[in-house]
Structure formats: C-alpha cells, structure tokens
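Participant: Got a sequence here, can you model it:
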Amino acid sequence: MDDALWFGDKTMGKWFLDIRTQLGYTQKEFSEILGYTVFEISRFENDVRKIPKCTRVCVMMMFICFQKGDLVMQKLVSSPRIHKALQQVVTAKLRVGNSNN
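Facilitator: Numbers count the residues shown, from 1 in each chain. I've put the predicted structure just below:
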C-alpha cells in the first residue's frame, strides 16, 4: 500500500503523533501499549525511523475503536500480537479457500 493512502499529506511521524495525542496517550503509555521504548516512539514521531506496517495497522485499529467509542481499556493488544493474529486469519482463509478446490 502506498504511503500516501495511509497518511495523506502528513508525514508518517506526524500521522503517528496526531493519532497518539487524539487517543490521549503520552509517549510512555503508547510505548507500553505498542511494545516499543519511549525513544523509539519519539523516533517514529520525528520521522527518524519508519513505522512498521503491523504497528501502523495496530494504531489505525486503535483509532477506529476510539472513534466508535469502543476503546475503553488503557491497553490494547500489542502490534506483534495483532500481526500474528492477522497472519492466522489470512492463513485460515487460505486453508478454507484451498479446501474448496
């Protein structure tokens, strides 16, 4: 997926920072939720380090839940767990799809 589709006219770091602040998390809280250090969160927000796609998906899911009013827990699944869950779903769909042949 093209970065322009993810971030529009913002940089990846600005997008990340905006979502974090809209969710009301400090860098420390966000680092604990996503499984990164505060230093890494700062590097993401300042466009020093590219944000992994699985982390972008996690942050977007948090934002969608927040907009729907469903984000009530301080902690959501960490991005590696979400990434693993997404892989399991895709694998399961592939298995179902292949069994229909």
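
Participant: What about the closest residue to residue 66 other than its chain neighbours, how many residues nearby?
Facilitator: Closest residue to residue 66 apart from its sequence neighbours, by CB to CB, 6 or more residues apart in numbering: residue 23 at 5.5 Å. To be clear about C-beta, it is placed using only N, CA and C from the backbone, and glycine gets the same treatment. The burial count assigned to residue 23 is 17, neighbours taken as other CB atoms under 10 Å.

Participant: So, low pLDDT: which residues of the protein?
Facilitator: 1-7, 70-101 (pLDDT under 70).

Participant: Give the buried residues for the helix or strand hosting residue 31.
Facilitator: Counting by DSSP states H and E, the element that carries residue 31 is helix 27-34. Buried residues in helix 27-34, counted by 16 or more other CB atoms under 10 Å: 27, 29-34.

Participant: Then stretch 55-71?
Facilitator: Neighbour-count burial for stretch 55-71 [16+ other CB under 10 Å]: 55-56, 58-59, 61-63, 66, 71.
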